[in-house]
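Q: Here is a sequence together with a model predicted from it:
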Amino acid sequence: MLYMDLEYHKGVLFVRLDGNLTRKNVYKINNYLAPVILKHRIKYLVYNLFSLLQIDESGLDSMVRTKCAIKNNQGKLYACEVPEHLRKKVLKTRIQVTDNELTALELLKV
């Protein structure tokens, strides 16, 4: 099961993921989040992965798709609070990692 908590604040969309981002539930990001980013021209996105328990290749691909949508809007994407057991996988996607949401906000300079 995957839960997504979305919060839009000061031009930044915060996406807090809770649960497992696997092939079974990756549709939530592919069919909902990516189109929202493109439709509303969201430039800045921060993934908070603190409560993410597991991620597989399909989950990583979905994060890369949202990265492409953000790049299409000339924006930036960060992942924060990445658990140690997922850090290597997330870094393979070349998504920039920060310590927390406040650090990401400072880096975005919004």
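A: Now that the structure is in, tell me what you want to look at.
Q: How far does the helix ranked longest in the chain sit from its chain's centre?
A: Longest helix of the chain, by residue count under DSSP state H: helix 57-72. Centroid displacement of helix 57-72 relative to its chain, using C-alpha atoms, centre = their mean, to the nearest Å, is 8 Å.
Q: Give the pairing partners of the very next helix or strand once past it; include direction for each.
A: Taking DSSP states H and E as the definition, the helix or strand that follows helix 57-72 towards the C-terminus is strand 76-80. Strand 76-80 pairs in its sheet with strand 44-55 (parallel), strand 96-98 (parallel), by DSSP bridges.
Q: how about the longest one: buried residues?
A: Translated: strand 44-55. Buried residues in strand 44-55, counted by 16 or more other C-beta atoms under 10 Å: Y44, L45, V46, Y47, N48, L49, L52, L53, I55. In this view, the C-beta of every residue, glycine as well, is placed from N, C-alpha and C.
Q: right, and out of the residues you listed, which lies closest to R16?
A: Nearest to R16 among those is N48, at 4.3 Å by C-beta to C-beta.
Q: picking that back up, right, and the pair among the buried residues of strand 44-55 with maximum separation?
A: The most widely separated members of the buried residues of strand 44-55, counting by C-beta to C-beta, are Y44 and L53 (25.8 Å).
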